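Student: 3D model of this:
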Amino acid sequence: MTGWLLAIAVAGAAWLLLWRVVRVPRVAREAVGATLVLALAGYALSGVPGQPGAPATRAAARPQVDERAIELRQAMSGGFGTAYNWLIASDGAMRAGLPSAAVTYIRSGIAEDPRNADLWLGLGNALVARADNTLTPAALFAYERAAVLNPRHPGPWFFLGLAYMRGGEPERARPLWLQALRRAPADAEYRPVLEAAYAMVAAGTPPPR
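Tutor: Numbers count the residues shown, from 1 in each chain. This is a model prediction of the structure:
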């Protein structure tokens with residue numbers, strides 16, 4: 001728990017530094033804020049604060065992929081059935097730097113199971129990734145469809161908000177992240193990520209222009 005509090009404190013301090021001291025442009029600050037949120041997601045889902053340190057080793061070059069977003073979506077989604085297999089295939093394509101292939105896999109899954117909210121959520125994320133983290137009309141439709149199919153799923157609300165946050169529209173992310181938080185189970189391992197994300201965006205008053 002101490003590690004979690006430290007991680008949130010560091011993220012909050014970085015946000016305040018960008019806002020109050022450095023005063024970077026609004027769009028840049030909000031993009032960094034979105035990155036901080038996903039950094040917290042990565043810590044929540046795979047961090048081991050008690051693990052002893054080890055010397056860093058040089059990693060092999062790998063395609064650019066938002067691993068934290070994949071892990072967070074997996075934590076929010078179910079882990080069984082044919083739909084899960086399509087999502088795993090799509091995640092593999094994303095990790096290989098092939099977002100178009102990821103979209104194709106998800107669409108194949110939707111053709112088999114058109115009422116699966118997890119597949120529509122995965123499609124929204126893959127479409128955003130294929131468009132260089134831009135919210136396209138097709139991605140917006142996918143998120144909205146996921147929310148209709150499973151009104152209690154926090155994923156569509158969170159990732160739609162994240163897309164708006166990355167696009168420099170935190171005022172649109174704020175109510176969406178609140179809805180995601182309301183839908184997250186009290187004992188969900190990812191709930192602290194949603195709490196930190198909402199607290200950050202709710203406190204992020206833009207600096208004077």
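Student: Can you point out the helix or strand that includes residue 174?
Tutor: Following DSSP states H and E, one finds residue 174 within helix 170-183.
Student: Give me the buried positions along that helix.
Tutor: 170, 172-174, 176-181, 183 (16 or more other C-beta atoms under 10 Å). Heads up, the C-betas are built off the backbone N, CA and C, glycines and all.
Student: what helices or strands is it leaning on?
Tutor: Helices and strands touching helix 170-183, by 3 or more C-beta pairs under 8 Å, 6 or more residues apart in numbering; DSSP states H and E, are helix 155-166, helix 191-203.
Student: out of the ones you listed, deepest packed?
Tutor: Ranked by mean neighbour count, those are led by helix 155-166 with a mean of 26 (mean count of other C-beta atoms under 10 Å).
Student: That one vs helix 191-203, what angle?
Tutor: Helix 155-166 runs at 40 degrees relative to helix 191-203, counting by axes from the mean of the first three to the mean of the last three C-alpha atoms, to 10 degrees.
Student: Kindly export helix 155-166 (C-alpha atoms) in PDB.
Tutor: Presented in PDB, the C-alpha positions along helix 155-166 are these (Å, rounded to 0.1, in the frame of the first residue of the first chain):
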ATOM      1  CA  GLY A 155     -13.800   0.000 -19.800                       C
ATOM      2  CA  PRO A 156     -15.600   2.000 -22.500                       C
ATOM      3  CA  TRP A 157     -15.900   5.000 -20.300                       C
ATOM      4  CA  PHE A 158     -12.300   5.000 -19.200                       C
ATOM      5  CA  PHE A 159     -10.700   4.400 -22.600                       C
ATOM      6  CA  LEU A 160     -13.000   6.900 -24.300                       C
ATOM      7  CA  GLY A 161     -12.000   9.400 -21.700                       C
ATOM      8  CA  LEU A 162      -8.300   8.500 -22.200                       C
ATOM      9  CA  ALA A 163      -8.700   9.200 -25.900                       C
ATOM     10  CA  TYR A 164     -10.200  12.600 -25.200                       C
ATOM     11  CA  MET A 165      -7.400  13.300 -22.600                       C
ATOM     12  CA  ARG A 166      -4.700  12.500 -25.200                       C
END
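Student: Which residues does that helix contact?
Tutor: 30-31, 33-34, 37-38, 69, 72-73, 76-77, 117-118, 120-121, 124-125, 128, 133-135, 139-140, 143-144, 146-147, 150, 170, 172-174, 176-177, 179-180, 183, 194, 197, 201 (C-beta atoms under 8 Å, 6 or more residues apart in numbering).
Student: taking those residues one by one, which sit in helices?
Tutor: Mapping these onto helices (DSSP state H) picks out 30-31, 33-34, 37-38, 69, 72-73, 76, 117-118, 120-121, 124-125, 128, 139-140, 143-144, 146-147, 170, 172-174, 176-177, 179-180, 183, 194, 197, 201.
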